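> Got a sequence here, can you build the structure:
(one chain, ligands or ions: 1)
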Amino acid sequence: MAETIVNGQDCKGTTVCVTGASGFMASWLVKRLLQKGYTVHATVRDPENEAKVRHLLDISGAAERLKLFRAELSEDGSYDAAVAGCHGVFHVATPIDFEPKDPENDVIKPAINGTLNVLKSCTKSKTVKRVVVTSSAATVSINESAEQNQYIDESCWTDVDFLQTKKPPTWSYPVSKTLAEQAALQYGKEQGLDVVTIIPVLVVGPSITPSVPSSVQLALSFLTGNPHTLQAIKGMQLVSGSVSLVHVDDVCSAHIFLMENPSAEGRHICCPINTSVPQLAKYLSKRYPQYNVPTQFEDVPQTAKVNISSKKLVESGFSFKFGIDEIYDDAVEYFKTKGLLN
Ligand SMILES: NC(=O)c1ccc[n+]([C@@H]2O[C@H](COP(=O)([O-])OP(=O)(O)OC[C@H]3O[C@@H](n4cnc5c(N)ncnc54)[C@H](OP(=O)(O)O)[C@@H]3O)[C@@H](O)[C@H]2O)c1
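The predicted structure is shown next:
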């Protein structure tokens, strides 16, 4: 059996780094890691910005085992200090701007170069045994030539040429994630660094961040009736072929599973649920009759075109704890606490 990457049984004394720690997924990951006993080096762009870091400092165990570091994806060597002495690194940060003025320089280049920047710091550290890079289903599912019921596994890649030529809405984000994941895997191979990628679908659930995550707003647009996000989730199905969902807690558990599982290698899709806008709307209107969920959608296919599969992750021993009922019940409760649903 390969060497254990980090000590998953007793994490005391094991230090890991989380990049982009103030964000939705990363802050939940920090919470889970502290709960497990890890010491966490969390990178943020501005540790002095109380509004952006208070939710991290308030996590139980933070006073003893959380240390904040300033780091910026576009600055060479910026991650050296945070990664030094760490056993594992979760690279979660990415530039997120769905309507950038300059897609190449605002999103695509910083995602690729930022990822390489983090990986170079890992090599320099000489202590990092594995890096788990957070990719996205946007790197596997966008392909014009996909057939009905197309099975999507880790051998699939999004068609970057199609995106760069046709420029559908938000095209630069999937391009940035695809090229950054490819660069990470290639760097790992060439430099002998153990790089594993995780490929989550739309992440939904509660959040400890001060602002409400855009992915949760997207998933709840059926209940809030927000026309802008409703349009966006339809666009997601039209471009990607499905609406696929995962609970934030499951996606964080899968990150930790991939860090702790010695035999993990390469890409891992993290997707328990594939559906479509019309099917999801019908389900939500039955489950939450108190909200006025629209159920007539003529402008998107009734069923998902693709089936994004987590077979590899599940066969390596990971189990999802949250189904569609829990994903939405938790997100609805969260929206109520934020005053966004009654
Ligand atoms: N949410 C989803 O549905 C979903 C699905 C699949 C994959 N993902 C992936 O999961 C990861 C986290 O997504 P999220 O939804 O949690 O997003 P998020 O809340 O916007 O978090 C992104 C993080 O990246 C940081 N960041 C952005 N630009 C940076 C830069 N130039 N230098 C350093 N840090 C920078 C942000 O810092 P600030 O707080 O300072 O802005 C933030 O902490 C991303 O890699 C994303 O592609 C998300």
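
> In the chain, which residue sits nearest the ligand?
Gly23 (2.2 Å; Cβ to the nearest ligand atom). C-beta here means a position set from N, CA and C on the backbone, and glycine is covered the same way.

> Would you check that that residue makes contact with Phe90?
No. In this structure Gly23 lies outside contact range of Phe90 using Cβ atoms under 8 Å: 11.5 Å.

> the more surrounded of these two?
Phe90 (31 against 23; other Cβ atoms under 10 Å).

> Is that one in contact with Ala254, as I believe?
No. Using Cβ under 8 Å, Phe90 is not in contact with Ala254, being 11.2 Å away.

> Over to Val246: give its phi and psi.
Dihedral pair for Val246: phi -140, psi 150, per degrees, to the nearest 10.

> How much space separates Gly188 from Thr14?
21 Å (Cβ to Cβ, to the nearest Å).

> which stretches of this structure have low pLDDT?
Under the criterion pLDDT under 70, the flagged ranges of the chain are 1-12.

> tell me which parts of it are close to the ligand?
20, 22-26, 45, 52, 72-74, 92-96, 110, 134, 136, 177, 200, 202-203, 213, 215 (Cβ under 6 Å from any ligand atom).

> Show the buried residues in those.
20, 22-26, 52, 72-73, 92-95, 110, 134, 136, 177, 200, 202-203, 213, 215 (16 or more other Cβ atoms under 10 Å).

> Which members of those occur in helices, if any?
Cross-referencing these against helices under DSSP state H gives Phe24, Met25, Ala26, Lys52, Pro110, Lys177, Ser215.

> quick one: the second one and Val248 touch, right?
Yes. Here Met25 reaches Val248: they are 6.3 Å apart, a contact under Cβ under 8 Å.

> Quick check: neighbours shared by these two?
Shared contacts of Met25 and Val248, defined by Cβ atoms under 8 Å, 6 or more residues apart in numbering, are found at Val203.

> got the residue ranges for the strands in the protein?
15-18, 39-44, 66-70, 88-91, 130-134, 150-152, 195-200, 202-204, 243-247, 266-270, 273-275, 306-308 (DSSP state E).

> Single out the most deeply packed of those.
strand 88-91 (a mean of 30; mean count of other Cβ atoms under 10 Å).

> what's downstream of that strand, the next helix or strand?
helix 103 (DSSP states H and E).

> what distance separates that following helix from the middle of the whole chain?
20 Å (Cα atoms, centre = their mean, to the nearest Å).

> can you list contacts of that helix?
Against helix 103 from outside (Cβ under 8 Å, 6+ apart): Trp171, Ser172, Val175.

> what number of residues lie near Leu193?
There are 18 residues near Leu193, going by other Cβ under 10 Å.

> That one: what's it in contact with?
Contacts of Leu193 (Cβ under 8 Å, 6+ apart): Leu119, Cys122, Thr123, Val128, Val131, Tyr187.

> now Lys177
Thr94, Ala111, Ser135, Ser136, Ala138, Thr139.

> same thing with Val131?
Here Val131 is in contact with 88-91, 118-119, 122, 184, 188, 193-196 (Cβ under 8 Å, 6+ apart).

> Name the residues linked to it by a beta bridge.
Val89, Val195 (DSSP bridges).

> quick one: it from Asp76, how far?
For Val131 relative to Asp76 (Cβ to Cβ), the value is 18 Å.

> Repeat that for Ala254.
31 Å.

> More neighbours: which of those two?
For Ala254 versus Asp76, neighbours defined as other Cβ under 10 Å are more numerous around Ala254 (24 against 12).

> ok, the more buried one touching Gly317?
No. Here Ala254 does not reach Gly317: they are 10.8 Å apart, not a contact under Cβ under 8 Å.

> Could I get the contacting residues of the nearest residue to Ser276 once chain neighbours are set aside?
Nearest non-adjacent residue to Ser276, counting by Cβ to Cβ, 6 or more residues apart in numbering: Ala304, 4.7 Å away. Listed by Cβ under 8 Å, 6+ apart, the contact set of Ala304 reads Gln237, Gly241, Ser242, Val243, Ser244, Asn274, Thr275, Ser276, Gln279.

> Quick check: the farthest pair among these?
Put simply, by Cβ to Cβ the two of the contacts of Ala304 set farthest apart are Gly241 and Gln279, 13.4 Å from each other.

> hey, where'd the helices end up in the stretch 201-342 of the chain?
Per DSSP state H, counting those that start in this stretch, the stretch 201-342 of the chain carries helices over the ranges 214-219, 221-224, 227-240, 248-260, 277-287, 311-315, 324-337.
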